[in-house]
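K.L.:
output the structure for:
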Amino acid sequence: MSESKLEKLSVKNDFVFKKLFSKKGNEAYLIQFLSDLLLLDIKSIEIKHDVVLERNIEDEKIGILDIKATLNNNTYLDIEMQMGDEKNVVKRSTYYAAKMMSEQLQNGEKYKEIKPVIVIFIMNFNYFPFEEHINKTRTVLNNHIEYDISNDMVYYYIELPKFRKKECELKDITSQWLTFIDGENKKELEKVMKDNNLIKEANKELDILSGDEDVRRMAELRQKYVMEMASAKSDGYDEGLAKGEENKAIDIAKKMLQKKMDVDVICEVTGLDKDIVENLKCDE
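P.N.:
Predicted coordinates for the structure are as follows:
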């Protein structure tokens, strides 16, 4: 008896998104997509690889699943696929950009050495009250909105549900890649793959990932986690969840204090405010 064909994994699952686009050898996918989206001549992309995807994460404590990269060695980039609306898109993206900015300078280096930062959020939900599915930010003066005061920090927000409803000819590269990432319109995807060999190749890569038992397990765990968090929030459990996480962090901090670890290190690991850790230290 032949085995039934496995259902293809969704690229909108942030684990699958990162696994596919950050894999060594797949850089051409991002180069083509980003060159068209950002209107830049991207010759090279260096993706920052981490060990998050290689760890055993049965308890689903992944946290952030984003792709960090450098374009042509002079622009820092962060891409995140957001599966569910956590009501923090703007603050989260602002934090990412600020963090990438601050991490660039070492002691004694000059501000002019800071390289531009681009943050891209691809969202499987609608966030802004506008019909455009792609929104790019500008930094302008209040009385001179035609003047860009800085291009050092730019945000792109892409809303897939709006793209899904928009009728377009799919001739531009960005729309072709969004069709692949969204994965909802199978007929349009077939057309796109006939016109774009890289997307055809990426689709084959997705087939391979879909057949990998470990990848499927992690994708399912991630999807389950997102659904459970969304359910908890809709049921009004936010405060209880936050308190539970804080209590866990405090327990970890106490153990670290017992090992005489530095307070700043403990704050960084646990996410607790310094005054909380200092108070715990006094109680020891």
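K.L.:
so for stretch 147-158, what gets flagged as buried?
P.N.:
153-158 (16 or more other CB atoms under 10 Å). Backbone N, C-alpha and C define where each C-beta goes, glycine included.
K.L.:
who touches it?
P.N.:
Residues outside stretch 147-158 that contact it (CB atoms under 8 Å, 6 or more residues apart in numbering): 37-38, 89, 93-94, 97, 101, 114, 116-123, 127-128, 133-141, 178.
K.L.:
now those: which count as buried?
P.N.:
37-38, 89, 93, 97, 101, 114, 116-123, 127, 133-134, 178.
K.L.:
now pLDDT, distance to Arg216 and secondary structure too, for the buried residues of stretch 147-158, in CSV please.
P.N.:
Formatted as CSV, these follow (pLDDT from 0 to 100; distance: CB to CB, whole Å; DSSP: H, G, I helix; E, B strand; the rest coil):
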residue, pLDDT, distance to Arg216, secondary structure
Met153, 92, 37, strand
Val154, 95, 35, strand
Tyr155, 96, 33, strand
Tyr156, 98, 30, strand
Tyr157, 98, 30, strand
Ile158, 98, 26, strand
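K.L.:
which one of these sits closest to Ile47?
P.N.:
Tyr156 (17.8 Å; CB to CB).
K.L.:
re earlier: mind checking which of the contacts of stretch 147-158 land in strands?
P.N.:
117-123, 134-136, 139-141 (DSSP state E).
K.L.:
got the buried residues of stretch 147-158 as TSV, with distance to Val16 columns?
P.N.:
As requested, the buried residues of stretch 147-158 are exported to TSV (distance: CB to CB, whole Å):
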residue	distance to Val16
Met153	29
Val154	26
Tyr155	24
Tyr156	21
Tyr157	21
Ile158	17
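K.L.:
okay, Lys8: pLDDT?
P.N.:
pLDDT recorded at Lys8 is 93.
K.L.:
for it, give me its contacts.
P.N.:
Contacts of Lys8 (CB under 8 Å, 6+ apart): 183, 206-207, 210.
K.L.:
are we agreed that it is in a strand?
P.N.:
No: checked against DSSP: H, G, I helix; E, B strand; the rest coil, Lys8 lies outside a strand; its state is coil.
K.L.:
measure it to Met193 for me?
P.N.:
13 Å (CB to CB, to the nearest Å).
K.L.:
now Leu6
P.N.:
19 Å.
K.L.:
out of the two, which sits in the busier spot?
P.N.:
Met193 (19 against 12; other CB atoms under 10 Å).
K.L.:
got the residue ranges for the strands in this structure?
P.N.:
45-48, 66-71, 75-82, 117-123, 134-136, 139-141, 144-150, 153-159.
K.L.:
which other helices and strands does the fifth one contact?
P.N.:
On a contact count with 3 or more CB pairs under 8 Å, 6 or more residues apart in numbering; DSSP states H and E, strand 134-136 meets strand 153-159.
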